[in-house]
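# for reference, the sequence and a predicted model appear below.
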Amino acid sequence: MPARLARPSHSPARSCLAMAGGEALLAGGGQAPGTLDHVICWGIERRNIFKDNTDRNRFLERLGSVLQKTFTPCYGWALIPNHFHLLLKTGKEPIAQIMRRLLTGYAVTFNRRHRRYCRLFQNRYPG
């Protein structure tokens, strides 16, 4: 059973790590242990990365598994058909490494399920 994720906190993120329009933006230093990172990841050409509840559930199961294995707290998430937002607290494992594990695994699952062979996300996660 995947880890249960907490609801969003009301404290503002101290840094923002985003992927939008193929560009990775990092403000506030990020990556320091204890930093809150707001992650945004878009589908390639802004195409949908979640087609139905099965896709959303599989993504959340994978997210829960990766976060549990890396002891990374998640304070909130939003799944929109063509992108997602995460609010993660940086721990011992870099956010970039966590995101690579999450995105690669989900893309493989999504592509198999929907009989696709191309990239799913706008850009590879920096780091």
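Yep, it's here.
# pull out the buried residues from the helix or strand hosting residue 86.
In the assignment (DSSP states H and E), residue 86 maps to strand 83-89. Buried residues in strand 83-89, counted by 16 or more other Cβ atoms under 10 Å: 83-84, 86-89. To be clear about C-beta, it is placed using only N, CA and C from the backbone, and glycine gets the same treatment.
# between those, which is nearest residue 75?
residue 87 (4.4 Å; Cβ to Cβ).
# for the closest one, give the beta-bridge partners.
Judged by DSSP bridges, the bridge partners of residue 87 are residue 38, residue 76.
# could you check how far it is from residue 122?
20 Å (Cβ to Cβ, to the nearest Å).
# count residues in the vicinity of the nearest residue to residue 45 once chain neighbours are set aside, would you?
Spatial nearest neighbour of residue 45, excluding adjacent residues (Cβ to Cβ, 6 or more residues apart in numbering): residue 122 at 7.7 Å. Residues lying near residue 122 (other Cβ atoms under 10 Å) number 22.
# do the same with residue 39
By other Cβ under 10 Å, 22 other residues sit near residue 39.
# swap in residue 78?
Residue 78 has 11 nearby residues by other Cβ under 10 Å.
# contacting residues for the closest residue to it other than its chain neighbours?
Once flanking residues are discounted, residue 78 sits nearest to residue 85: 4.4 Å by Cβ to Cβ, 6+ apart. Residue 85 is in contact with 38-40, 76-78, counting by Cβ atoms under 8 Å, 6 or more residues apart in numbering.
# how about residue 117?
Applying Cβ under 8 Å, 6+ apart, the residues near residue 117 are residue 111.
# what distance do you get for it to residue 91?
34 Å.
# does the residue nearest to residue 45 touch residue 43 like I think?
Yes. Under the criterion of Cβ atoms under 8 Å, residue 122 makes contact with residue 43 at 6.6 Å.
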